[in-house]
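Engineer: sequence and computational prediction follow.
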Amino acid sequence: MRIAENYIMKYKTITVFTNHNDADLISSAMFDAGAGGVSILDKQDFLDLVKSDVIWDYVDESVLEQSEVVKVSTMCEPSDKNFFDALMSNLEKLKENGVQFGEILTGEIDAADYENEWKKYYNPIQTKHITIVPTWIDYKPSKGEKIMRLDPGMAFGTGSHATTRMCLELMDVEGKDVIDVGCGSGILGIAAKICGAKSVYMCDIDAQAVEFARQNAELNNVDAVIEKADLLQGDRQADFIFANITADILMRFSKCIGKHLRKDGTIVLSGIIDTREDEVIQCYRDAGYEIIERASQDDWRALKLKRKA
């Protein structure tokens, strides 16, 4: 077969115009449809960071001139009609539930420009325990600062989403055996190992996620067991478990996650939209757990739990 030398593969871009409060819900709709990555261009996020304790070396004040309208974007192959149809269906359900968004804009981008297009949206992310740095950024850590190098690839988490950031803030892993279930890009498990975990086991039911996690672990010289698996099927135990998934799956886990948690162990649950928080809390209370810490960011919630004494 002969391939034309000037053939340029393209990706289809999909942008939804919405507001600050509903942007994460639009993002989740894209991921649920099978999106490999999502970018959110939101002026309010910049303003929130400026007001935070983050130390800035440089601020591009042109960001302040941006519109208040929030742009949530993703990409797919032009022939992937299943993804597009699933996304439209998800967005229609959100609209029926009062989520507000306006125009849905589609376009094209050359595959050769894809990587650089996504890189524009990734910057170092500082948390209480660790800073996540994209591989293409020259970053000099301060004395004692722990960093993780990350190549987001096309999917599975970069640390920027509220659900991941809250997990990192609630992390308490030094000297502990850790499980990261639904590991995605491996951010949580890798961060745990860098921050002193004794051992780390990561699993995901998505083979591509597992591959990205392995690449990122190797990038950070992290020794971890990473495999395609469902935590519910094994009998591995840990002192600390991350589960950053969805409310429905978290509630399903409540009945069996205990067999994976050692005595006095800790669970961090995230991926909980605010409207489902009470359900998740009640589900785990019924299963014999108590909340020892809670985190909240935008419309998302995270819970840190232990078994009741």
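Structural biologist: Perfect, thanks for sending it.
Engineer: and the strands in the stretch 151-300 of the chain?
Structural biologist: 177-181, 199-204, 225-228, 238-244, 261-273, 289-297, 300-307 (DSSP state E, counting those that start in this stretch).
Engineer: give me whichever of these is most buried.
Structural biologist: Most buried of the strands of the stretch 151-300 of the chain, by mean neighbour count (mean count of other Cβ atoms under 10 Å): strand 177-181, with a mean of 26. Every C-beta, even on glycine, is put in place using the N, C-alpha and C of the backbone.
Engineer: pLDDT averaged over that one - what is it?
Structural biologist: Mean per-residue pLDDT for strand 177-181: 95.
Engineer: point out where the stretch 201-309 of the chain drops to low pLDDT.
Structural biologist: The stretch 201-309 of the chain contains no residues with pLDDT under 70.
Engineer: residues in contact with the top helix by length along the chain?
Structural biologist: Of all the segments of type helix in the chain, defined by DSSP state H, the longest one is helix 81-96. Helix 81-96 has contacts (Cβ atoms under 8 Å, 6 or more residues apart in numbering) with 12, 14, 16, 22, 25-26, 29-30, 32-35, 74, 76, 101, 104.
Engineer: before we move on, what about stretch 163-172?
Structural biologist: By Cβ under 8 Å, 6+ apart, stretch 163-172 touches 125, 127-130, 157-159, 187-188, 191-192, 195, 240, 242, 244, 266, 268, 270-272, 293, 295-297, 300-302, 304.
Engineer: what segments of this protein are helices?
Structural biologist: So, for the chain - with DSSP H - the helices run 23-33, 43-51, 81-96, 111-119, 162-170, 187-194, 207-219, 247-253, 277-286.
Engineer: residue 131: what's it in contact with?
Structural biologist: Contacts of residue 131 by Cβ under 8 Å, 6+ apart are 124-125, 139, 141, 145-148.
Engineer: could you rerun that using 10 Å?
Structural biologist: Residues in contact with residue 131 (Cβ atoms under 10 Å, 6 or more residues apart in numbering) are 124-125, 139, 141-142, 145-148, 159, 191.
Engineer: roughly how far apart are it and residue 172?
Structural biologist: Per Cβ to Cβ, to the nearest Å, residue 131 is found 18 Å from residue 172.
Engineer: same check on residue 255?
Structural biologist: Distance, residue 255 to residue 172, using Cβ to Cβ: 25 Å.
Engineer: looking at those two, which is more packed in?
Structural biologist: The residue with more neighbours, out of residue 255 and residue 172, is residue 172; 15 against 12, by other Cβ atoms under 10 Å.
Engineer: how is this structure divided into domains?
Structural biologist: Per the record, the chain has its domains at 10-119, 161-307, by automatic domain parsing.
Engineer: which of the ones you listed sits most buried?
Structural biologist: Mean neighbour count, computed with mean count of other Cβ under 10 Å, is highest for domain 161-307 among the domains of the chain, reaching a mean of 19.
Engineer: how long is that one from one end to the other?
Structural biologist: 28 Å (Cα to Cα, to the nearest Å).
Engineer: what's the closest non-adjacent residue to residue 28?
Structural biologist: Take residue 28 and drop its neighbours on the chain: the residue closest to it by Cβ to Cβ, 6 or more residues apart in numbering is residue 273, 7.6 Å away.
Engineer: how close does the one you found get to residue 244?
Structural biologist: 13 Å.
Engineer: quick check: bridge partners of the closest residue to residue 303 other than its chain neighbours?
Structural biologist: Spatial nearest neighbour of residue 303, excluding adjacent residues (Cβ to Cβ, 6+ apart): residue 269 at 4.7 Å. On the basis of DSSP bridges, residue 269 is bridged to residue 243, residue 303.
Engineer: tell me where the model's unsure across the stretch 51-200 of the chain.
Structural biologist: Residues of the stretch 51-200 of the chain that meet the criterion pLDDT under 70 lie in 51-67, 111-122, 152-160.
Engineer: change it to 90
Structural biologist: Applying pLDDT under 90 to the stretch 51-200 of the chain picks out residues 51-71, 73-84, 95-145, 147, 149-165, 182-185.
Engineer: right, and residue 123 touches residue 150 too?
Structural biologist: No: if you go by Cβ atoms under 10 Å, residue 123 and residue 150 don't touch, sitting 11.5 Å apart.
Engineer: when these two are compared, which one has more neighbours?
Structural biologist: Legend: neighbour count by other Cβ under 10 Å for residue 123 and residue 150, higher for residue 150 (26 against 15).
Engineer: burial measure for the closest residue to that one other than its chain neighbours, as a count.
Structural biologist: Closest residue in space to residue 150, ignoring its immediate chain neighbours: residue 132 at 5.4 Å, by Cβ to Cβ, 6+ apart. Neighbour count of residue 132, defined by other Cβ under 10 Å: 26.
Engineer: so residue 132 is in contact with residue 151, correct?
Structural biologist: No: using Cβ under 10 Å, residue 132 is not in contact with residue 151; the gap is 11.1 Å.
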